[in-house]
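Enquirer: Sequence isn't available, so here's the structure alone:
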DNA sequence: GGCACGAAGATTGTCAACAACATGCAGTCT
DNA sequence: AGACTGCATGTTGTTGACAATCTTCGTGCC
């Protein structure tokens, strides 16, 4: 082992507890689908698989509960959370109102640099749409919205937003993104940015909220 | 010990883990102010005080983190969350948009029984306002809003609402409720119920959101 | 007097063992 | 045959001990 990786391991060890490391790994397993919805989280099995004892695993599972990624029943253990279509639908709505709120706030304080940053992302998404590159579009879209939340200076809303995104991800047969859907979605992004540039809080809120409601509609269309 | 209390103890023991019991107790201590904001949660001290070992205490603290009542730093322990005025302000806003959303949904599905139930509560609050009984008003007000969330059939929003209420409670020098403020607040309650009775989703949402924004304004007035 | 250093105490992080509980199965009784 | 009882096994709940880390306080030096 090289000395750098030793140092890295030590510094990781200092800044992160085993609980946190286990939590991250479990989150990865769940969000990637390796652990499926409803599947039982066997403490002993996970502990030996990750090379730790059951204590950190138990605490990590409690943290996952916090994020709505797992649920546990007394004396029966923890299970990967299953998100029904009704719940996913409500999560879309909640995300819409939370993002709407944050965008309204952001319109009152956005800087020129931040505007530019968002415009660059929207342009990139246009390109991804033209190239019919849904993977790229998907990832840029996540960045765009996360960045909006971050610069909105609404820390609690940002945390909530991220939590909702993760939770919704549990349902997501990822919306298959046709070129049309991408173009439609990005046109809405442009409307959001335009409202932000005009410093029009009410319009920004409406545009953001409608965008997410439209997203929900596009998602619902892929269901039947 | 009577046989009933034995059965009770057994059923409690079965339905609740020590972790859950500790969690409830800690939540009580925090929300009642016995444990103050910023105060350190000493695992060993709490464990011996509650007659359990450190394990359940640690897990309970993780659960409190979920609800935003505690924060923990690696190798330094957990602390009772301190909510700044800025955070409390954002929590008011978030609550407003979440409740607004739920009220909009509720307008589309409320039953006559539920309408009646809400009207009874509003009448009771009028009485409390006239009697200048802020304690009664406060408690009725909590019931009113919680009931609205419950019958709105938006389970995730209801959970979120309750979490926000608890978190905001951490700040609350409880808004001193003058008779005027109570009357003003209850007039807004009547507008919410009226919109619900008309099955007017948009109006219900607006009325609920505005009510919470007004509440925030009344709260801010008591700050200076 | 103020600051760096180090040791002692206190506190958290982790672990492995034990106890309590749930599940599945075989055997028995009606 | 069906239902119930009791046991065997695996899993979760809880505990106390040990290791690692942080904090505090006293000492010595500048």
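Expert: All right, it came through fine. On a predicted model such as this, the values are computed, not experimentally measured, just so you know. Numbering: from 1, shown residues only, chains lettered A, B, ... in the order given.

Enquirer: if I read this right, residue A:41 contacts residue A:73, doesn't it?
Expert: No - Residue A:41 lies out of contact with residue A:73 (C-beta atoms under 8 Å); the separation is 11.4 Å. Where C-beta positions appear, they are placed from N, C-alpha and C, glycine not excepted.

Enquirer: Show me the common contact partners of the two, please.
Expert: residue A:79 (C-beta atoms under 8 Å, 6 or more residues apart in numbering or on different chains).

Enquirer: Give the buried residues for the longest helix along chain A.
Expert: Counting by DSSP state H, the longest helix found in chain A is helix A:85-107. Within helix A:85-107, the residues scored as buried using 16 or more other C-beta atoms under 10 Å in any protein chain shown are A:87-107.

Enquirer: And for whichever residue of chain A sits closest to chain B, nearest residue in space, chain neighbours not counted?
Expert: Minimum separation of chain A from chain B (C-beta to the nearest C-beta) falls at residue A:66, amounting to 3.3 Å. Spatial nearest neighbour of residue A:66, excluding adjacent residues (C-beta to C-beta, 6 or more residues apart in numbering or on different chains): residue B:66 at 3.3 Å.

Enquirer: Does the one you found touch residue A:65 like I think?
Expert: Yes - here residue B:66 reaches residue A:65: they are 6.4 Å apart, a contact under C-beta under 8 Å.

Enquirer: can I see the domain layout of chain A?
Expert: A:3-80, A:85-221 (automatic domain parsing).

Enquirer: Tell me which of those sits most buried.
Expert: domain A:85-221 (a mean of 18; mean count of other C-beta atoms under 10 Å in any protein chain shown).

Enquirer: For that domain, measure first residue to last.
Expert: 13 Å (C-alpha to C-alpha, to the nearest Å).

Enquirer: Check the buried residues of helix A:85-107 one by one and keep those near DNA strand D.
Expert: Among these, no residue is within reach of DNA strand D (C-beta under 7 Å from any atom of the strand).

Enquirer: if we look at chain B, which of the residues you listed are close to it?
Expert: A:87, A:90, A:91, A:93, A:94, A:97, A:98, A:100, A:101 (C-beta under 8 Å from any C-beta of the partner chain).

Enquirer: Tabulate the domains of chain A in JSON lines, adding columns for mean pLDDT and distance to residue B:37.
Expert: Formatted as JSON lines, those follow (pLDDT from 0 to 100; distance: least, C-beta to C-beta, whole Å):
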{"stretch": "domain A:3-80", "mean pLDDT": "84", "distance to residue B:37": "20"}
{"stretch": "domain A:85-221", "mean pLDDT": "94", "distance to residue B:37": "16"}
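
Enquirer: Distance to residue B:213 added to these, as CSV?
Expert: Below are the domains of chain A laid out as CSV (distance: least, C-beta to C-beta, whole Å):
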stretch, distance to residue B:213
domain A:3-80, 28
domain A:85-221, 11
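
Enquirer: which stretch among these comes nearest DNA strand C?
Expert: For those, the distance to DNA strand C is smallest for domain A:3-80, at 2.9 Å, taking C-beta to the nearest atom of the strand.

Enquirer: what about the nearest residue to residue A:157 once chain neighbours are set aside, distance to residue B:86?
Expert: Nearest residue to residue A:157, sequence neighbours excluded (C-beta to C-beta, 6+ apart): residue A:102, at 4.8 Å. The span separating residue A:102 from residue B:86 equals 14 Å under the rule C-beta to C-beta, to the nearest Å.

Enquirer: likewise residue A:55?
Expert: 36 Å.

Enquirer: One more: residue A:59?
Expert: 30 Å.

Enquirer: next one: residue A:210
Expert: For residue A:210, the distance to residue B:86 - C-beta to C-beta - is 28 Å.
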